[in-house]
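*Asks:* take this sequence and fold it.
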Amino acid sequence: MFTFAFCLLVYFLPSIIAHEKRSFGGIFVLNLLLGWTVIGWFVALIWACTDEPSIPVYRVSAGAARPACYCSRCGAMGPAVASYCWACGSRLQELHG
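*Replies:* Model prediction:
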């Protein structure tokens, strides 16, 4: 039983590494479907190690006088009604607080 659990852990190692990455869904599908091939497993592992981490981007109101939002990823100011940052293209999320 320990051997099976260890083999399962090694098989899904690329998915475990990529759990906080931007392309987690793609890496998981590649690992699930083609991980049994040695090449597919190594491709998923390399992709998981080189992918950028997922960074949350929040939209913050700059004030009542001039409505604007601040991108927490690149620091650019934009209109309050924006859904995407004009400078870096990241999706802006509402701050709940």
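*Asks:* what's the domain layout of the protein?
*Replies:* Taking automatic domain parsing as the reference, the chain has its domains at 2-50, 58-94.
*Asks:* could you check how far the longest one is from the centre of its chain?
*Replies:* The reference is to domain 2-50. Between the centre of domain 2-50 and the centre of its chain there are 16 Å (C-alpha atoms, centre = their mean, to the nearest Å).
*Asks:* what about that domain, start to end distance?
*Replies:* Terminal residues of domain 2-50 lie 30 Å apart, using C-alpha to C-alpha, to the nearest Å.
*Asks:* pLDDT of that domain, averaged?
*Replies:* Across domain 2-50, the average pLDDT comes to 94.
*Asks:* against which helices or strands is the helix or strand harbouring L45 packed?
*Replies:* In this structure, L45 sits in helix 38-50 according to DSSP states H and E. Where contact means 3 or more C-beta pairs under 8 Å, 6 or more residues apart in numbering; DSSP states H and E, helix 38-50 is packed against helix 13-17, helix 24-34. No exception for glycine: its C-beta is placed from N, CA and C like everyone else's.
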